[in-house]
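In: Model the structure of this input:
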Amino acid sequence: MANFAKIFASRAQNVLQTAGRQPQVAARFSRSVSSGSNWEFIKTDVTGEKKNVGRDHTESSQGTECPLQRPHEGISTALQQFSKDKSIAAIVLTGSEKAFAAGADIKEMVGNTYSQCIQGNFLNDWVEVARTQKPIIAAVNGYALGGGCELAMMCDIIYAGDKAKFGQPEIALGTIPGAGGTQRLTRVVGKSKAMEMCLTGNMISAQEAEKLGLASKVVPADQLLAEAIKLAEKIGTHSSLIVQLCKESVNTAYETTLQEGLKFERRTFHATFSTADRKEGMTAFAEKRPANFTNE
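Out: Predicted coordinates for the structure are as follows:
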């Protein structure tokens, strides 16, 4: 058993480090964001027929794609800019066909101490993805392990390529998930499956992730990005204001009791009657014409 544990731990670490070496793509912006890491810039632009879907990818000063080894460093800045851009309706976060995101750098964590983690509030700056008001779609290809799986779960919708793998293998490295792996996973797949994944480090396939409700759709790997953009475009046909209110209401279901959630939902529903877009949407329906939302 001891030898098996050592082999498993070694394989888990190799998988995480391999994932960390893969080129990563996240939401693209129309500008470059300077970063102090080895991947120095996040190239950003917009896509979709109406140019209202954000994508990004990391790029070094040499112009080569680099790993999303520290997602919080560049993505947080990028998402903050997307949030301020009124032309962006939804965001697609994705990676290469071999890996979605590697999470934190294991080699850099080796020397960390308890006091350093506490005083530095280690991993706290990963939460920008979960705080973003605009919808974020994770398009996951390849490995989404450890912090990569946690990053995907911070997004609002997960689309998975047919070869994608999800897992929380931290247990094999002598630690536990630290950015939501034990919390978000349990709320999605249930206690028994979350316990199995977190206590063994076993990975699950894209197909099982869809069956468990972790991913909402599985598509061929080469069609993943196009499908994710199509979904973002569909969201973009609605009022961005109402979309954000609806996202907040769904998220509240995870954080409150049913009665409190129902009360929040009802009050938010009532609040939409103070918006121009609610009036326009219902008027357009009554007049049998497309709605012209102004996000007001």
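In: What ranges in the chain fall below the confidence cut-off?
Out: Within the chain, the segments meeting pLDDT under 70 span 1-45, 47-48, 51-52, 54-73, 102-104.
In: Which stretches in it count as helices?
Out: Secondary structure of the chain (DSSP state H): helices at 2-20, 71-84, 106-109, 114-120, 128-131, 147-154, 184-189, 191-200, 206-212, 224-236, 240-252, 258-271, 276-286.
In: Tell me which of those helices sits nearest to Val140.
Out: helix 147-154 (5.4 Å; C-beta to C-beta). Yep, even glycine has a C-beta here, placed from its N, CA and C like the rest.
In: So which other helices or strands are in contact with the closest one?
Out: Helix 147-154 sits against strand 99-101, helix 128-131, strand 136-140, strand 165-167, helix 184-189, with contacts defined as 3 or more C-beta pairs under 8 Å, 6 or more residues apart in numbering; DSSP states H and E.
In: which of those is buried the deepest?
Out: With neighbours defined as mean count of other C-beta atoms under 10 Å, the helices and strands packed on helix 147-154 peak in mean count at strand 99-101, which reaches a mean of 32.
In: so how far is that strand off the chain centroid?
Out: Here the centre of mass of C-alpha atoms in strand 99-101, compared against the chain's by C-alpha atoms, centre = their mean, to the nearest Å, lies 11 Å away.
In: Each with direction, which strands does it pair with?
Out: Paired neighbours of strand 99-101 in the sheet (DSSP bridges): strand 143-145 (parallel).
In: can you pull the contacts of Asp156?
Out: Pro135, Ile136, Ile137, Lys247 (C-beta atoms under 8 Å, 6 or more residues apart in numbering).
In: Can you convert the helices of the chain into a markdown table and add a column each for distance to Thr94?
Out: Formatted as a markdown table, the helices of the chain follow (distance: least, C-beta to C-beta, whole Å):
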| stretch | distance to Thr94 |
| --- | --- |
| helix 2-20 | 14 |
| helix 71-84 | 12 |
| helix 106-109 | 23 |
| helix 114-120 | 29 |
| helix 128-131 | 13 |
| helix 147-154 | 10 |
| helix 184-189 | 19 |
| helix 191-200 | 23 |
| helix 206-212 | 14 |
| helix 224-236 | 6 |
| helix 240-252 | 19 |
| helix 258-271 | 30 |
| helix 276-286 | 29 |
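In: and of the helices and strands packed on helix 147-154, who's closest to Leu225?
Out: strand 136-140 (5.6 Å).
In: hmm, who's touching that closest one?
Out: 27, 79, 90-95, 100, 129, 151-152, 154-161, 164, 166, 206, 215, 224-225, 227-228, 231-232.
In: Would you pull up how far that strand lies from the middle of the chain?
Out: 5 Å.
In: Which strands border that strand, and is each parallel or antiparallel?
Out: strand 90-95 (parallel), strand 157-161 (parallel).
In: Would you mind getting the angle between the shortest one and helix 147-154?
Out: To tie it back to what came earlier, the one meant is strand 157-161. Strand 157-161 and helix 147-154 are oriented at 130 degrees to each other (axes from the mean of the first three to the mean of the last three C-alpha atoms, to 10 degrees).
In: got the angle for strand 157-161 vs helix 224-236?
Out: 160 degrees.
In: How about exporting strand 157-161 as CSV, limited to the C-alpha atoms?
Out: Provided in CSV are the C-alpha atoms of strand 157-161 (Å, rounded to 0.1, in the frame of the first residue of the first chain):
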residue,chain,number,x,y,z
ILE,A,157,-21.4,27.3,-16.8
ILE,A,158,-19.0,24.5,-17.7
TYR,A,159,-18.8,23.1,-21.2
ALA,A,160,-16.4,20.2,-21.5
GLY,A,161,-14.5,18.6,-24.4
